[in-house]
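Asks: I need the structure of the sequence given here:
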Amino acid sequence: MSRAYIALGANLGDPACTLRAAFGVLANLPDVRLRRCSSLYRTAPVGYARQPDFINAAALVETALEPLPLLAELLAIEDRFGRQRSEKNGPRSLDLDLLLYDDRRFNQPQLTVPHPRLHLRAFVLQPLAEIAPDLTLPGRGPIAAWLPAVATQSVTRL
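Replies: A predicted model of the protein is given here:
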C-alpha cells in the first residue's frame, strides 16, 4: 500500500458539509483506506479574489491504486459533487488535489506529484501539517520549514 496526501477545498453551497461528505466518500473507495483527516480551515481565495472564502482540509490515505487511477477516482468524486471547471481559480463545489504519493515524483500532462505549488499555499500546508507534522516534502524538506513563508496568508481553523 502507498501513502497519498489529498487536499480538499470548496466554496460553493455548504462547503463544510461538502468536505465532511467527501471524507466519507474517500473512506469508501475501493483500494483506498482513509487514515487521517485534518480539521476544516477557512481560507481566503487565491488568484481570483471575488468569490466566497474556501473551506479546506487534508487527508491521508493508504491505497493500492497508482497515481493516475487514484486521480481518476478523485476527479469522479468531484463530478459527483457537481464540480464545474468554468474558470481558473474560480469558485468550486469541490476540489480534490493529489498532493503527495509516497516519496515519488510523477510528472505527466494530467498530474504532477508532488503538487507543484503545495509549499506556497497556507491553505494546503496548515491542514497537511496538522495530520503529518513530521512530513518531508520531496525535494523541499520538512513541512515545518515552509510554514513561516506562508504565515501571512489567511487561514483560520474551524
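Asks: could you point out where the chain is predicted with low confidence?
Replies: Along the chain, segments meeting pLDDT under 70 span 48-49, 86, 89-90.
Asks: at 50 what do you get?
Replies: Residues of the chain meeting the criterion pLDDT under 50: none.
Asks: Tell me which stretches of it form strands.
Replies: Remark: strands assigned in the chain by DSSP state E are 2-10, 32-37, 41-43, 54-63, 95-101, 106-108, 111-113, 136-137, 141-142, 155-157.
Asks: Serialize these to CSV and add fields for distance to residue 24.
Replies: The way it works is simple: take the backbone N, C-alpha and C, and place the C-beta from them, glycine included. As requested, the strands of the chain are arranged in CSV below (distance: least, C-beta to C-beta, whole Å):
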stretch, distance to residue 24
strand 2-10, 12
strand 32-37, 9
strand 41-43, 19
strand 54-63, 11
strand 95-101, 13
strand 106-108, 27
strand 111-113, 24
strand 136-137, 28
strand 141-142, 31
strand 155-157, 21
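Asks: Same list (those strands) but as JSON lines, adding distance to residue 127 and mean neighbour count.
Replies: Shown next, in JSON lines, are the strands of the chain (distance: least, C-beta to C-beta, whole Å; neighbours: other C-beta atoms under 10 Å):
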{"stretch": "strand 2-10", "distance to residue 127": "7", "mean neighbour count": "23"}
{"stretch": "strand 32-37", "distance to residue 127": "9", "mean neighbour count": "17"}
{"stretch": "strand 41-43", "distance to residue 127": "6", "mean neighbour count": "21"}
{"stretch": "strand 54-63", "distance to residue 127": "4", "mean neighbour count": "23"}
{"stretch": "strand 95-101", "distance to residue 127": "10", "mean neighbour count": "22"}
{"stretch": "strand 106-108", "distance to residue 127": "22", "mean neighbour count": "11"}
{"stretch": "strand 111-113", "distance to residue 127": "17", "mean neighbour count": "18"}
{"stretch": "strand 136-137", "distance to residue 127": "14", "mean neighbour count": "17"}
{"stretch": "strand 141-142", "distance to residue 127": "16", "mean neighbour count": "12"}
{"stretch": "strand 155-157", "distance to residue 127": "9", "mean neighbour count": "14"}
